[in-house]
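# What follows is a predicted structure for the sequence shown.
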Amino acid sequence: MNNDVVLSIKNLTFAYDKNKPIFQDFNLELKKGELVCIVGESGKGKSTLFELICNNLKPSKGEIKAQKLSCIYQDPYSSFHPSFSIINQIKDVIHDKEYFYKNINIFIKELNLSNELLEKKPHKLSGGQLQRCSILRSLLMNPKLLLVDEATSALDNVIALEVMKLLLKYLDKCAILLITHDMSLAKWCANKIIDLNRLYNGK
Ligand SMILES: Nc1ncnc2c1ncn2[C@@H]1O[C@H](COP(=O)(O)OP(=O)(O)OP(=O)(O)O)[C@@H](O)[C@H]1O
């Protein structure tokens, strides 16, 4: 894989049911600095693609190669354990301590967070604050690819837009793959849009 290519999906075929493939010879390449959106109505395979890229599902055919990957989920409460402080949960997943200490205060400032907030347990924070903590955790992992799943967030498009505004600042460090149902959000931020509604998938 060329150094700038952070995600390469070649001839991906996947089916839960052999007679109804969700992806058939699907190809996608993402380079550092690119923001690609996957859009599609409910049931078109957005979450399936997310799970395939995260290696939680195996393709029936084809290959997926991803460089260092970090995920931001739409519901931040489900991505933090309720019983532990946020900062401890962030430290737990960071291996590169040098990168962590070099950047944490910069990111805290950019994300409009504070050390005091990070000492708290998740339920003491608002949804927006916790979403920014989840971005902080992802950024401190220094990923090459940020996978953002906003697929089911029909409720709060304002948060989605704010999150994307924050993430756009980091495109010089990585590539972003945003999975969304929201075509207007995709048109606003993407270099490229993959519309799963238009893919032939045998249905
Ligand atoms: N574990 C499973 N076993 C069988 N079929 C599944 C499974 N998970 C999903 N499907 C089916 O695969 C298709 C794609 O589902 P997927 O969850 O990827 O869609 P989605 O685009 O993420 O939908 P939504 O926007 O509603 O979350 C759907 O028809 C769904 O019913």
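The structure has been received and is ready for your questions.
# Relative to Leu145, how far out is Glu63?
Distance from Glu63 to Leu145, counting by CB to CB, to the nearest Å: 16 Å. All C-beta atoms are positioned from the backbone trio N, CA, C, and that covers glycine.
# next one: Lys124
Distance from Lys124 to Leu145, by CB to CB: 31 Å.
# between these two, who's got more neighbours?
Taking neighbours as other CB atoms under 10 Å, Lys124 and Leu145 compare with Leu145 leading, 19 against 12.
# Gln131 sits in which helix or strand?
For Gln131, the host element (DSSP states H and E) is helix 127-140.
# who touches that helix?
Helix 127-140 is contacted from outside by 70-73, 76-77, 79-80, 86, 89-90, 93-94, 99-100, 103-104, 107-108, 111-113, 117-118, 122, 125, 146, 156, 159, 162-163, 166-167, 170, using CB atoms under 8 Å, 6 or more residues apart in numbering.
# so what's Leu199 scoring on pLDDT?
pLDDT, Leu199: 71.
# before we move on, back to that, out of the contacts of helix 127-140, which end up buried?
70-73, 76, 79-80, 86, 89-90, 100, 103-104, 107-108, 111, 113, 117-118, 122, 125, 146, 159, 163, 166-167, 170 (16 or more other CB atoms under 10 Å).
# Show me the residues you listed that map onto strands.
In this view, the buried ones among the contacts of helix 127-140 that belong to strands under DSSP state E are Ser70, Cys71, Ile72, Tyr73, Leu146.
# Sweet, I'm off.
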